[in-house]
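Enquirer: A predicted structure for the sequence below; I have some questions about it.
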Amino acid sequence: MREIALFPLNIVAFPGEAVNLHIFEPRYKSLVNDCLDKGENFGIPSYVHNKIDLGTEVEIVEVTKKYEDGRMDIKTKATKVFEVYEFWNPWNDLEYAGGKVDHIEFDDTPPDPSLLYQFKEMSARLFGWLGELDVPDISSITSVYDIGHKIGLKPEEEYQLLKILNENDRLQYGIKHLEHLLPALERAQNAQDRIKQNGHFKHLDPLKF
């Protein structure tokens, strides 16, 4: 267990994800500057269920822009998932929050190739329906986390995904979600097509009795 600076946000940051932040509040400008000076990371607890109990540690990769008033744009990379055991706001004599956290050890068993293939195939169908272009090449996907924000999960569902320790379990979670989502999209598309036909001349084959 260790103490770490905390920046609560109503987002879920998946391990390996690039998280770009615009820092404008005085307390968080102080947090980022302290982390830069000390070469330390900070944590983003996911404030999804109106409580602070799970989050992701991030490292500052680059300060891309500094403004005259002290605001800054930073690039960070999410690394490890942690559980928050104590949350203090403020932390010691600092302006910002901090807490006592413990990192969660993930099961690094390689994913089942058949589950990974099924998840990738269903994801490709989803992106085809949506015309989504801003996604990684499907062939390069090795984890649900790679496109966890792209498959239509609600924040609460993303939070649940963050808690799953095994990649095969995450794949099954993603597949189950897509099994419900894809048919709903197809039904919506069919309904849209029927609505568009109303009021237009139709070329119909007569029924033969």
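Expert: All right, it came through fine.
Enquirer: Domain map for the chain?
Expert: Taking automatic domain parsing as the domain assignment, the ranges for the chain are 2-103, 113-197.
Enquirer: Pick the most buried one from these.
Expert: Per residue and on average, the most neighbours among these fall to domain 2-103, with a mean of 16 (mean count of other Cβ atoms under 10 Å). Where you see a C-beta, it was placed from the backbone N, CA and C, and this is true even at glycine.
Enquirer: Determine how far the last residue of it lies from the first.
Expert: End-to-end distance for domain 2-103, by Cα to Cα, to the nearest Å: 9 Å.
Enquirer: Now do that domain: distance to the chain's middle.
Expert: 16 Å (Cα atoms, centre = their mean, to the nearest Å).
Enquirer: and the longest strand along the chain, what's its mean pLDDT?
Expert: Ranked by residue count under DSSP state E, the longest strand found in the chain is strand 72-88. The average pLDDT within strand 72-88 is 96.
Enquirer: Equivalent analysis for stretch 37-47, please.
Expert: Computed over stretch 37-47, the average pLDDT equals 96.
Enquirer: And for it, what's in contact with it?
Expert: Stretch 37-47 has contacts (Cβ atoms under 8 Å, 6 or more residues apart in numbering) with 4-13, 19, 31-32, 34-35, 52-60, 78-79, 82, 84, 87, 99, 101, 159, 162.
Enquirer: roughly how far apart are the spatially closest residue to V19 that is not a sequence neighbour and F42?
Expert: Excluding the flanking residues, the one nearest V19 by Cβ to Cβ, 6 or more residues apart in numbering is T76, at 4.8 Å. Shown here: T76 relative to F42, a distance of 8 Å by Cβ to Cβ, to the nearest Å.
Enquirer: joint contacts of these two?
Expert: 58, 60.
Enquirer: still on that earlier bit, other SSEs contacting the longest strand of the chain?
Expert: When contacts are defined as 3 or more Cβ pairs under 8 Å, 6 or more residues apart in numbering; DSSP states H and E, strand 72-88 sits against strand 2-6, strand 18-23, helix 26-38, strand 42-45, strand 54-66, strand 97-103.
Enquirer: go with 6 Å
Expert: In terms of contacts (3 or more Cβ pairs under 6 Å, 6 or more residues apart in numbering; DSSP states H and E), strand 72-88 is packed against strand 18-23, strand 54-66, strand 97-103.
Enquirer: In the sheet, which strands lie alongside it, parallel or antiparallel?
Expert: Strand pairing for strand 72-88, determined by DSSP bridges: strand 18-23 (antiparallel), strand 54-66 (antiparallel), strand 97-103 (antiparallel).
Enquirer: avg pLDDT for the last one?
Expert: Here the mean pLDDT over strand 97-103 is 97, rounded to a whole number.
Enquirer: pLDDT averaged over the very next helix or strand once past that strand - what is it?
Expert: Downstream of strand 97-103, the next assigned helix or strand under DSSP states H and E is helix 113-130. Averaging pLDDT along helix 113-130 yields 92.
Enquirer: could I have helix 113-130 exported to PDB, CA atoms only?
Expert: Extracted as PDB, the C-alpha positions of helix 113-130 are listed here (Å, rounded to 0.1, in the frame of the first residue of the first chain):
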ATOM      1  CA  PRO A 113      -7.700 -17.200 -29.400                       C
ATOM      2  CA  SER A 114     -11.300 -18.200 -30.100                       C
ATOM      3  CA  LEU A 115     -12.800 -15.700 -27.700                       C
ATOM      4  CA  LEU A 116     -10.500 -13.000 -29.000                       C
ATOM      5  CA  TYR A 117     -11.500 -13.800 -32.600                       C
ATOM      6  CA  GLN A 118     -15.200 -13.700 -31.700                       C
ATOM      7  CA  PHE A 119     -14.800 -10.300 -29.900                       C
ATOM      8  CA  LYS A 120     -12.900  -8.800 -32.800                       C
ATOM      9  CA  GLU A 121     -15.400 -10.100 -35.400                       C
ATOM     10  CA  MET A 122     -18.300  -8.600 -33.400                       C
ATOM     11  CA  SER A 123     -16.500  -5.400 -32.900                       C
ATOM     12  CA  ALA A 124     -15.800  -5.100 -36.600                       C
ATOM     13  CA  ARG A 125     -19.600  -5.600 -37.300                       C
ATOM     14  CA  LEU A 126     -20.300  -2.800 -34.800                       C
ATOM     15  CA  PHE A 127     -17.900  -0.400 -36.400                       C
ATOM     16  CA  GLY A 128     -19.400  -1.300 -39.800                       C
ATOM     17  CA  TRP A 129     -22.800  -0.300 -38.600                       C
ATOM     18  CA  LEU A 130     -21.600   2.900 -37.000                       C
END
